[in-house]
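>>> got a sequence here, can you model it:
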Amino acid sequence: MAAAWVGWMDRFGPLVAMLALLLSLFGGFNAYGLVGGFFFASDYLRWPQLESVAFAAVALLFATRGLVSTLLAMLTAHDPDGR
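Just a heads-up that it's a prediction; the model follows:
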């Protein structure tokens, strides 16, 4: 989340960063970490685009935790909650 905040701040400034954070908290904008992570890696760390996408892809696991859990349960025929 901190990397996403720095990414949004570095790319667009504090007003847009705060708006994006509020949208993520109250509006269901789940791509905040994904997009902000990409901005952080590409602008702040000055990584090339492919490495920035790989860095941001980690945030995708957090944004879609329910989807990943469901897919793992389908693939392994095992309930991840232990039921």
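
>>> lowest average confidence, helix or strand, in this protein?
helix 65-76 (a mean of 72; mean pLDDT, DSSP states H and E).

>>> all helices of the protein, in order?
Taking DSSP state H as the criterion, the chain carries its helices at 2-12, 14-26, 32-39, 49-63, 65-76.

>>> remind me what the second one packs against, helices and strands.
Packed against helix 14-26, as judged by 3 or more Cβ pairs under 8 Å, 6 or more residues apart in numbering; DSSP states H and E, are the following elements: helix 2-12, helix 32-39. (Each C-beta comes from the backbone N, C-alpha and C, glycine too.)

>>> list the buried residues of it.
In terms of neighbour count (16 or more other Cβ atoms under 10 Å), helix 14-26 has its buried residues at 17, 20-21, 24.

>>> could you dump these into JSON lines with pLDDT added?
Putting the buried residues of helix 14-26 into JSON lines (pLDDT from 0 to 100) gives the following:
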{"residue": "Ala17", "pLDDT": "92"}
{"residue": "Ala20", "pLDDT": "89"}
{"residue": "Leu21", "pLDDT": "88"}
{"residue": "Ser24", "pLDDT": "83"}
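
>>> how far away is the closest residue to Gln49 other than its chain neighbours from Glu51?
The shortest distance from Gln49 to any non-neighbouring residue, by Cβ to Cβ, 6 or more residues apart in numbering, is to Ser42 (6.7 Å). As for Ser42, its distance to Glu51 is 9 Å (criterion: Cβ to Cβ, to the nearest Å).
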